[in-house]
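A.B. asks: Would you be able to build a 3D model of this:
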Amino acid sequence: MLKDRTEAGRLLAGLLTQYKDAPDCIVLALPRGGVVVGAEIAKALHLPLDVLVVRKLGAPMQPELAIGAIAEGAQFLNQDVIDDLGVTPQEVEAEVAAEEAELRRRSALYRQGKPALTLAGQTVIVVDDGIATGATMGVALSVLRKQKVRHLVVAVAVGPPQTIRWLGKEADEVVCLMTPEPFAAISLWYLNFPQTEDDEVRALLAKTAHQPALTKGA
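C.D. replies: The predicted model follows:
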């Protein structure tokens with residue numbers, strides 16, 4: 001069991017020391033909980049921290065169950081899950097519309113008018129506090145591949161073995177603290193797993209300066 005997200009970040013940083021002080025490396029956290037983990041990694045490795053806003057698409061009657069995910073410039077639908085649950089195209093469309101609105105809200109809130117990052121040629125460490133189905137992280141990796149990053153690292157605290165194995169095929173490197181079986185839920189592997197609020201995300205981002213070379217313009 002992990003004490004909290006801060007401890008998870010510190011432990012992950014200890015497994016990523018080869019990237020410490022790397023001039024072409026950035027920590028990219030998935031809000032909200034992933035930002036707490038990512039902030040600890042960025043601090044320990046002396047790397048810039050930013051966010052990639054990704055939203056899970058929840059099933060109509062089971063919102064915690066992902067039927068897909070969206071990010072800025074990418075969408076993933078798990079058709080097998082959609083078919084198994086009998087989710088209609090209209091229900092999928094409604095969920096996508098709702099989450100797109102929330103994605104735009106969060107992106108504007110967290111970035112505070114700053115341009116999106118250009119990550120081509122960079123090593124990107126994508127961080128989250130845990131992974132269940134992998135839908136959200138899968139979309140994040142798809143977005144980053146389109147931006148032609150040089151090396152793509154996934155760093156997560158906990159995830160089911162089959163999802164971590166799948167991510168190993170999608171990323172260049174995967175670092176995960178725990179792969180319990182049975183898995184059940186991310187929160188079960190933390191002693192303290194409070195909801196991360198927008199203000200905390202903004203405060204953590206404000207503490208870490210962005211490298212000018214990473215801002216949009218390439």
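
A.B. asks: And the contacts of stretch 84-101?
C.D. replies: Stretch 84-101 is contacted by residues 55-62, 65, 67-68, 70, 75, 77, 82 when judged by Cβ atoms under 8 Å, 6 or more residues apart in numbering. All C-beta atoms are positioned from the backbone trio N, CA, C, and that covers glycine.

A.B. asks: Just give me the longest strand of the chain.
C.D. replies: Secondary structure assigned by DSSP state E gives strand 151-158 as the longest strand of the chain.

A.B. asks: And the contacts of that one?
C.D. replies: 2, 5, 8, 11-12, 15-16, 19, 37, 41, 123-131, 137, 141, 144-145, 164, 167, 170-180, 183, 186, 189-190.

A.B. asks: Among those residues, which lie within strands?
C.D. replies: Using DSSP E, the contacts of strand 151-158 in strands are 123-128, 173-178.

A.B. asks: Just the buried subset of these, written out for ChimeraX, thanks.
C.D. replies: Only the buried members of the ones in strands among the contacts of strand 151-158 end up in this ChimeraX selection, burial being decided by 16 or more other Cβ atoms under 10 Å:
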select :123,124,125,126,127,128,174,175,176,177,178
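
A.B. asks: nearest residue to residue 111 other than its sequence neighbours?
C.D. replies: residue 51 (7.9 Å; Cβ to Cβ, 6 or more residues apart in numbering).

A.B. asks: tell me the helices in this structure, going along the chain?
C.D. replies: 5-14, 33-45, 79-85, 89-111, 135-146, 161-170, 198-206 (DSSP state H).

A.B. asks: between the fourth one and helix 198-206, how many degrees?
C.D. replies: The one in question is helix 89-111. Orientation check (axes from the mean of the first three to the mean of the last three Cα atoms, to 10 degrees): helix 89-111 against helix 198-206 gives 50 degrees.

A.B. asks: Kindly report the same for the second one.
C.D. replies: Using the same axes, to 10 degrees, the inter-axis angle of helix 33-45 relative to helix 198-206 is 20 degrees.

A.B. asks: returning to that earlier point: only whichever of the contacts of strand 151-158 are buried, select them in ChimeraX.
C.D. replies: A single ChimeraX command selects the buried members of those (16+ other Cβ under 10 Å):
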select :2,5,8,11,12,16,19,37,41,123,124,125,126,127,128,129,130,131,137,141,144,164,167,170,171,174,175,176,177,178,179,183,186,189,190
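
A.B. asks: Show me which helix or strand of this structure is least confident by mean pLDDT.
C.D. replies: None of the helices or strands of the chain scores lower by mean pLDDT, DSSP states H and E than strand 74-77, at a mean of 84.
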